[in-house]
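Colleague: next come a sequence and a model predicted from it.
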Amino acid sequence: METSKIDNRPLYNSRIIDTYIKLIKRNYSYINVSELLNYARMEPYQVTDEGHWFTQEQVDLFYERLVKLTGNKNIAREAGRYAASPDAIGVMRQYVLGLVGPAKAYEIAGKYAHNFSKSAIYKSTKIGTNKVNITVVPYEGVCEKSFQCENRMGYFEAVAIMFNYRLPKIEHPECLFKEGNVCRYIVSWKESSSSFWKKIRNYTAVFFSAVCLGSYFLTSWAIPITILPFSVFVVLLLTLYAGIIEKRELNAAIDNLRGSSDKLLEQVNVNYNNALMINEIGLAISKQMDIDGILSNVIQVFEKRLDYDRGLILLANQDKTRLTFRAGFGYTDELLSILKNTSFHLDRQESKGVFVVSFREQKPFLINDVSDIETTLSPHSLELAKKMGTKSFICCPIINEEEPLGILAVDNIKTKRPLCQSDISLLMGIAPEIGISIHNATLIEAKERQFKSILQVLAASIDARDSLTAGHSEKVTEYALGISNEMGLPKDYCEMIRVASLLHDYGKIGIKDSILKKEGELDTEEREEIETHTNKTKKILEQINFEGIYREVPYIAECHHEKIDGSGYPKGIKGEEIPLGAKIIAVADFFEAITSKRHYRDPMSLDIAFQLLKEESGIHFDRKVIEAFINYYYREYNIKNLNPNE
């Protein structure tokens, strides 16, 4: 059982398998790679993702099937050696080719080996100018196989080949699979061409020096004088040739180092961009309190920062029966229209689409080929995928406190960049932040709905005292908001107007029914009593803890009977002293009152009502507010037989 647990640990980097795949595609093109990976329980996107790791069991299955398909029992070593080829160069570039030569590469093998395998400890010791001893000791419980030993030797051979050296000699005096305690490799290689020609030069210089000295003592000056220029020429020629070869080798090393640096810089840029994106998403969602605003900002950041052609966010409805499109980028207007009119059923057990499954099971999916899941899709979903032109995509659940809220999905159709496990990791890191923001916004929206419903109940409780005034506050609110929008007032100010309009007459709760419902004109005392409702409204509303944009509600509600010429009540303020919100409610309240039935009169016709408004323009009511109201009303109610400008 313990071995089984260890075997299920991720031990081998995907780059090892990727080298095998590239070798197969070049030398064994008849093999069905998809079938091979499926047998080994691997996914293509996992192989292409340098951050993915496979288990011992998966690697064993892969090799077992590969040997059967190729009939080549030495393919493990061949694959290791293939790491030196241009096709597979990316596997070891970052760790080997940045070094000056194989000596240093072998010497630090133990330092970079953990980037490829977590199954063993590698220790390298230099035992000669061109010879190293490498010892591999598997961790306790790891059950490597003999083919992995062969694969290692192939990689050791690849190191020398990468630097244009000849195939190194590998001795294997001790092997785990031949009753040894460790796997020990003695790797030796012949010196580089430049070193060889430097030795030839040095030996030549020594030889000619000896000849010249011998000739001097044994013969006359004639022979040394003849030999010396020739020997100098030969030594200089060998020095020049060795220098040229050495320069080529150094240039190759520099080019390799540049390639390694470019790859590292590319990864740094990706990490930096991802960090910026996460920061921007945090800022974007912190500035919004409503779901649509949050999603709009998030999608804008995605489009700017993420390396995907398209993306969308689907959210579940309140009763969790459907997933509907809420925001997206990269789609044409036609495709956006299709998405907005499409929903995915969550309440049908037979629904097996990947979005639905991802939502239900709260796990991400990477689909490299939509044709692979055609059998699981309904005809409707399959038709949608074809219309979208989707080939491969990633979808991640948006979750908050283990509750699924929606789906985040991305795909590429232009860049053709393969999607991989690291993309899933990135999106799964972002999705919870979106989930938290959506949850918080949902709570805020719920509180706002509760707040609005309370206000409506309060307003209705006053209007309901008299059947003739029922709905008065709501109608005044409708008109006031119409005026505010017509005047282009800010959203927050319009919201404040809405609340003040609903509660503008709440002080009437303190007025006797005998006065409110009197059929006929009020006497002076009764009129004074009615006028106290504005002060009563303010005092009652001041007991409510209005904050932020709602702070002005009590004062604006109190002033809705003030008039431009100062003849209004309760304070008799005039002109610019009257807050704009009160001027708006005054017009809305007046028009609703005169066009509705009251105990003391019948409703006035629209032409008379508009005529009265115009007559009061600049006297009792603000001229701009009246103009805005008339324009709004004519457009909203489609009034054509009257001219609003008359």
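Modeller: Alright, I've got the coordinates.
Colleague: low pLDDT regions in the stretch 151-300 of the chain?
Modeller: 164-165, 191-192, 194, 216-224, 249-250, 252-271, 274 (pLDDT under 70).
Colleague: what are the boundaries of the strands in it?
Modeller: Using DSSP state E, counting those that start in this stretch, the strands found in the stretch 151-300 of the chain span residues 169-174, 183-188.
Colleague: now do the stretch 301-450 of the chain
Modeller: Counting by DSSP E, counting those that start in this stretch, the stretch 301-450 of the chain has strands at residues 310-316, 322-329, 343-345, 365-367, 393-400, 403-411.
Colleague: hang on, the earlier thing: make JSON lines out of the strands of the stretch 151-300 of the chain and add mean neighbour count and distance to Glu403.
Modeller: Quick note: C-beta positions are derived from backbone N, CA and C, even for glycine. What follows is the strands of the stretch 151-300 of the chain, written out as JSON lines (neighbours: other C-beta atoms under 10 Å; distance: least, C-beta to C-beta, whole Å):
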{"stretch": "strand 169-174", "mean neighbour count": "14", "distance to Glu403": "57"}
{"stretch": "strand 183-188", "mean neighbour count": "20", "distance to Glu403": "50"}
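Colleague: Met42 is nearest to which of those strands?
Modeller: Among those, the nearest to Met42 by C-beta to C-beta is strand 183-188 (25.4 Å).
Colleague: quick check: angle from the closest one to strand 169-174?
Modeller: Following axes from the mean of the first three to the mean of the last three C-alpha atoms, to 10 degrees, one obtains 150 degrees for the angle between strand 183-188 and strand 169-174.
Colleague: pick out the least confidently modelled helix or strand of the protein, by mean pLDDT.
Modeller: None of the helices or strands of the chain scores lower by mean pLDDT, DSSP states H and E than helix 2-7, at a mean of 46.
Colleague: now for whichever helix or strand comes after that helix, which elements pack on it?
Modeller: Remark: after helix 2-7, the chain's next helix or strand is strand 10-13, criterion DSSP states H and E. Applying 3 or more C-beta pairs under 8 Å, 6 or more residues apart in numbering; DSSP states H and E, we find strand 10-13 packed against strand 53-55, helix 56-70.
Colleague: do that again at 6 Å, thanks
Modeller: The helices and strands touching strand 10-13, judged by 3 or more C-beta pairs under 6 Å, 6 or more residues apart in numbering; DSSP states H and E, are strand 53-55.
Colleague: direction included, what does the strand it packs on pair up with?
Modeller: Strand pairing for strand 53-55, determined by DSSP bridges: strand 10-13 (antiparallel).
Colleague: can you list contacts of the strand it pairs with?
Modeller: Applying C-beta atoms under 6 Å, 6 or more residues apart in numbering, the external contacts of strand 10-13 come out as 53-56, 59, 116-119.
Colleague: quick one: which of those residues is most hemmed in?
Modeller: Most neighbours among those, by other C-beta atoms under 10 Å: Val59, with 25 neighbours.
Colleague: skipping adjacent residues, who's closest to it in space?
Modeller: Counting by C-beta to C-beta, 6 or more residues apart in numbering, Val59 lies nearest to Tyr12, which is 5.3 Å off, once chain neighbours are set aside.
Colleague: Val132 should be in a strand, yeah?
Modeller: Yes: according to DSSP: H, G, I helix; E, B strand; the rest coil, Val132 belongs to a strand.
Colleague: that one: how many residues sit nearby?
Modeller: With neighbours defined by other C-beta under 10 Å, the count for Val132 comes to 22.
Colleague: what's across from it in the sheet?
Modeller: Lys126, Val187.
Colleague: from what I can see it touches Tyr106, true?
Modeller: Yes: using C-beta atoms under 6 Å, Val132 is in contact with Tyr106, at 4.3 Å.
Colleague: which residues are common contacts for the two?
Modeller: With contacts taken as C-beta under 6 Å, 6+ apart, Val132 and Tyr106 have Val187 as neighbours in common.
Colleague: who touches the residue nearest the centre of the chain in this structure?
Modeller: Centroid-nearest residue in the chain: Leu427, 4.8 Å away (criterion: C-alpha atoms, centre = their mean). By C-beta under 6 Å, 6+ apart, the contact set of Leu427 is 396, 408.
Colleague: now with 7 Å, please.
Modeller: Residues near Leu427 by C-beta atoms under 7 Å, 6 or more residues apart in numbering: 394, 396, 408, 410.
Colleague: roughly how far does it sit from His439?
Modeller: Distance, Leu427 to His439, using C-beta to C-beta, to the nearest Å: 18 Å.
Colleague: just Val235 next, same as before
Modeller: The spacing between Val235 and His439, counted by C-beta to C-beta, is 81 Å.
Colleague: what's the local residue count around the residue nearest to Leu167 when sequence neighbours are not counted?
Modeller: Nearest residue to Leu167, sequence neighbours excluded (C-beta to C-beta, 6+ apart): Glu157, at 5.8 Å. Neighbourhood size, Glu157 [other C-beta under 10 Å]: 22.
Colleague: cool, thanks, signing off.
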